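Participant: Provide a 3D model corresponding to the input given below.
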Amino acid sequence: MVSCSSSAALLAACASPNPVLYTLAPVRGVVQRGSPKVVVLREIAIARYLERSQIVRSSEGYRLDVEANDWWGEPLAAMIPRILQEELSQRLPGTSVFGENGAIATEADATVDINIQRMDTDRSGALILAAQVGVTYAKKRRAPNTRSVRFSVQPPTPGVRGEVAAMSTAVGQLADTIADMLRA
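Facilitator: Residues are numbered from 1 along each chain as shown. Purely as a prediction, here's the structure:
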């Protein structure tokens, strides 16, 4: 017969460790002039396989490699717009960048729509960020300026920390592309 104290010790030994939480970090970019005064970053569509707490390491070879105890500190659908908003504000001085789901509602001179199609490592270990971007101007009656992008970033170190650093760099490159599109 197992006593209560030995049962508790057994359960504690079998418990998984607390997850390690990660976040993307803003990356500084080149300052650009000539963009709209007010930009609204709409909700970003993220590939469903990335919508999880655990960090997806790779989607190569018809399978997902997911880290059991390496998690995002917040959902990617909330984190990526927050980081892009900060990066675009840095790159586009004089432009106010707002998130569509933020507390401040304003009329936009331009809106940005993004579909993240992939954000994980390939077989070589490079981080791949594939996305579609659309910029629409409020006063121009024409189709949105759209672009498909694919960035490949070699992680600076092996492991999850290096992959997250590479993701931060790739999101910074996405911000560079968006800033350039907003100036066009």
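
Participant: mind checking the longest helix of this protein?
Facilitator: Longest helix in the chain, counting residues (DSSP state H): helix 160-183.

Participant: Pull the distance from that helix to the chain's centre.
Facilitator: Relative to the centre of its chain, helix 160-183 is centred 8 Å away, using Cα atoms, centre = their mean, to the nearest Å.

Participant: low pLDDT regions in this structure?
Facilitator: The chain contains residues with pLDDT under 70 at 1-16, 184.

Participant: Which stretches in it count as helices?
Facilitator: 4-14, 76-91, 160-183.

Participant: I'd like those helices as JSON lines, with mean neighbour count appended.
Facilitator: All C-beta atoms are positioned from the backbone trio N, CA, C, and that covers glycine. As requested, the helices of the chain are arranged in JSON lines below (neighbours: other Cβ atoms under 10 Å):
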{"stretch": "helix 4-14", "mean neighbour count": "9"}
{"stretch": "helix 76-91", "mean neighbour count": "20"}
{"stretch": "helix 160-183", "mean neighbour count": "20"}
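
Participant: Nearest to residue 40 among those would be which one?
Facilitator: Of all these, it is helix 76-91 that lies closest to residue 40, at 9.9 Å by Cβ to Cβ.

Participant: tell me the angle of the closest one relative to helix 160-183?
Facilitator: Taking axes from the mean of the first three to the mean of the last three Cα atoms, to 10 degrees, one finds helix 76-91 and helix 160-183 inclined to each other by 60 degrees.

Participant: residues in contact with helix 76-91?
Facilitator: The set of residues that contact helix 76-91 without belonging to it, under Cβ atoms under 8 Å, 6 or more residues apart in numbering, is 23-32, 39, 41, 43-44, 46, 50-51, 72-73, 95-99, 101, 114, 116, 119, 168, 171-172, 174-176, 178-179, 182.

Participant: repeat for stretch 57-69
Facilitator: Around stretch 57-69, the neighbours that count as contacts under Cβ under 8 Å, 6+ apart are 16-20, 49, 52, 54-56, 118, 120-123, 160, 163.

Participant: Inside strands: which ones of the residues you listed?
Facilitator: Those of the contacts of stretch 57-69 mapping onto strands are 20, 54-56, 118, 120-121, per DSSP state E.

Participant: Among those, which one sits closest to residue 138?
Facilitator: Of all the ones in strands among the contacts of stretch 57-69, the one with the least separation from residue 138 (Cβ to Cβ) is residue 118, at 30.4 Å.
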